[in-house]
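Novice: My questions concern the predicted model and sequence given below.
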Amino acid sequence: MAELHLLGQIVGGSGFPQRRLFCKWGLQAGAAWRPLSGLTAGQTHVDDPQADDVTYWCHPIDVHYATKGLQGWPRLHVQVWHQDALGRRHVLGYGFCHVPAAPGLHSVRCATWRPLGERRERLRRRWVGGGAGLAEPAAAAAAGACDRFRLRCEAGGSVHLQLGVVLRHFARYGVCCG
């Protein structure tokens, strides 16, 4: 079987309107992909930057996959959350990006978005916090951008990642790796 080893980190986030952020993340892959070791989902700690708007998480990612085909190449989905002084949590953005298919070290920027919601929800977000969110964020990441056109969205910030990709035995299946 061909193998993909993904090593790296969720470096942090920038461009979000709030501070005290954390990130929930997960990897999704097709039916032909099987995780051999490592966690395919997790959550970072809360960071409250004091000097600028850049949040640093430096959260490790280390996953080893085996596969029999290229269909369903893994992709990473992220959710950026804000935790206020009272401990309440509100989502600030959803995003997803494909794991790079070329071996080597990659710097990846994952843009995020969030649903606008109706006028009442936008007012609530402005004065109380919270607002519209997705009932099934993992399903939205699986569907990708093709179904997001049905939602009224606004851009969020960006999540920055450093991902090292190691490919093994892909040449046996006729895939040129670099």
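Specialist: That came through fine.

Novice: what's the weakest-modelled helix or strand in the protein?
Specialist: For the chain, the helix or strand with the lowest mean confidence is helix 137-143, at a mean of 55 (criterion: mean pLDDT, DSSP states H and E).

Novice: for the chain, what spans make up the strands?
Specialist: Remark: strands assigned in the chain by DSSP state E are 2-14, 21-28, 33-37, 41-43, 55-67, 75-83, 89-98, 104-115, 153-168.

Novice: So which elements touch the last one?
Specialist: Same thing as strand 153-168. strand 2-14, strand 75-83, strand 89-98, strand 104-115 (3 or more C-beta pairs under 8 Å, 6 or more residues apart in numbering; DSSP states H and E). Using the backbone N, CA and C atoms, a C-beta is placed for each residue, glycine as well.

Novice: What would it look like as PDB? C-alpha coordinates only.
Specialist: Once non-C-alpha atoms are left out, strand 153-168 reads as follows in PDB (Å, rounded to 0.1, in the frame of the first residue of the first chain):
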ATOM      1  CA  CYS A 153     -21.000  34.400   4.200                       C
ATOM      2  CA  GLU A 154     -18.400  36.900   5.300                       C
ATOM      3  CA  ALA A 155     -14.700  36.400   5.200                       C
ATOM      4  CA  GLY A 156     -12.800  35.600   8.400                       C
ATOM      5  CA  GLY A 157      -9.100  35.500   9.100                       C
ATOM      6  CA  SER A 158      -6.500  33.000   8.100                       C
ATOM      7  CA  VAL A 159      -5.000  29.900   9.700                       C
ATOM      8  CA  HIS A 160      -1.400  29.400   9.000                       C
ATOM      9  CA  LEU A 161       0.100  25.900   8.800                       C
ATOM     10  CA  GLN A 162       3.500  24.300   8.200                       C
ATOM     11  CA  LEU A 163       3.100  20.900   6.700                       C
ATOM     12  CA  GLY A 164       5.800  18.300   5.900                       C
ATOM     13  CA  VAL A 165       4.700  15.600   3.500                       C
ATOM     14  CA  VAL A 166       6.500  12.300   3.100                       C
ATOM     15  CA  LEU A 167       5.200   9.900   0.400                       C
ATOM     16  CA  ARG A 168       6.200   6.200   0.200                       C
END
